[in-house]
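**Student:** sequence first, predicted coordinates after that:
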Amino acid sequence: MSNLKTVTVNELANREANGGVELIDVRTPVEFRSLHAECARNHPLDSLDPHAIMGSRTMNTDDPLYVICKSGGRSLKGCKKFLDAGFTNVINVEGGTSAWDRAGLAVVRGKKSMSLERQTRITVGLIILVSGILALTVHPIFAGLAALMGAGLAFAGITDSCMMGMMLARMPWNQVGTETQACAVE
């Protein structure tokens, strides 16, 4: 993605102050609800449709579309989806919402929730712990489950794609209503 443009949160805030920007946040709705840049709209990465978003833009479609997430990883994937769909005027926000908040820029704080990353670590850790105990006390075959979880973690690290995280994102406690998508750009 050598042709991908990036912007710092301070540069983006200056651009916003000088006439508005269109910023989409590709985190899950639960993450978006807990904290997001004031001018962001939520379009989760797992259901991101570049053509639909570009077709419903509130600003001039020649203006850049800025993409943000928590720290920059998912927004890079979101930008890649736009580039693959033929849209080149997309810009990744460096450091994501975490950097935006640290810079003291305008955010909306809502109901707190546990991050998907933390949920994934807890789930995988418990599965490994329980399978290890079962392997020692019930039958050695349960060690295979611990090995499978380890392989899954290695695969997630290599591919930067976590199936456990994607499954957890679909759980009922990680679902919210459409109120998280009400933030509009002026």
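**Tutor:** Nice, I can see it. Here the structure is a predicted model, which means the values were calculated and not measured. Numbering: from 1, shown residues only.

**Student:** domain map for this protein?
**Tutor:** 5-113, 116-174 (automatic domain parsing).

**Student:** spatially central, which residue of this protein would that be?
**Tutor:** Per CA atoms, centre = their mean, the C-alpha nearest to the average position across the chain is that of residue 27, at 3.0 Å.

**Student:** ok, the closest residue to that residue other than its chain neighbours - contacts?
**Tutor:** Nearest non-adjacent residue to residue 27, counting by CB to CB, 6 or more residues apart in numbering: residue 69, 5.2 Å away. Quick note: C-beta positions are derived from backbone N, CA and C, even for glycine. Going by CB atoms under 8 Å, 6 or more residues apart in numbering, residue 69 touches 25, 26, 27, 45, 75, 78, 96, 97.

**Student:** run through who's touching the lengthiest helix in the chain.
**Tutor:** The helix that spans the most residues within the chain, counting by DSSP state H, is helix 116-137. Helix 116-137 is contacted by residues 28, 31, 141-146, 149-150, 152-153, 162, 164-165, 168-169, 174 when judged by CB under 8 Å, 6+ apart.

**Student:** so what's residue 175 scoring on pLDDT?
**Tutor:** Looking at residue 175, its pLDDT reads 77.

**Student:** likewise for residue 184?
**Tutor:** 37.

**Student:** and residue 79, by the same measure?
**Tutor:** 95.

**Student:** and what of the one 10 residues further on?
**Tutor:** According to the model's per-residue confidence, residue 89 sits at a pLDDT of 91.

**Student:** surely it and residue 62 touch.
**Tutor:** Yes. Between residue 89 and residue 62 there is a contact under CB atoms under 8 Å: 7.0 Å.

**Student:** show me which of those two is the more surrounded one.
**Tutor:** Taking other CB atoms under 10 Å, residue 89 and residue 62 do not tie; residue 89 has more neighbours (12 against 7).

**Student:** which residues touch the more buried one?
**Tutor:** Counted by CB under 8 Å, 6+ apart, residue 89 has contacts 62, 63, 64, 65.

**Student:** sounds good, over and out.
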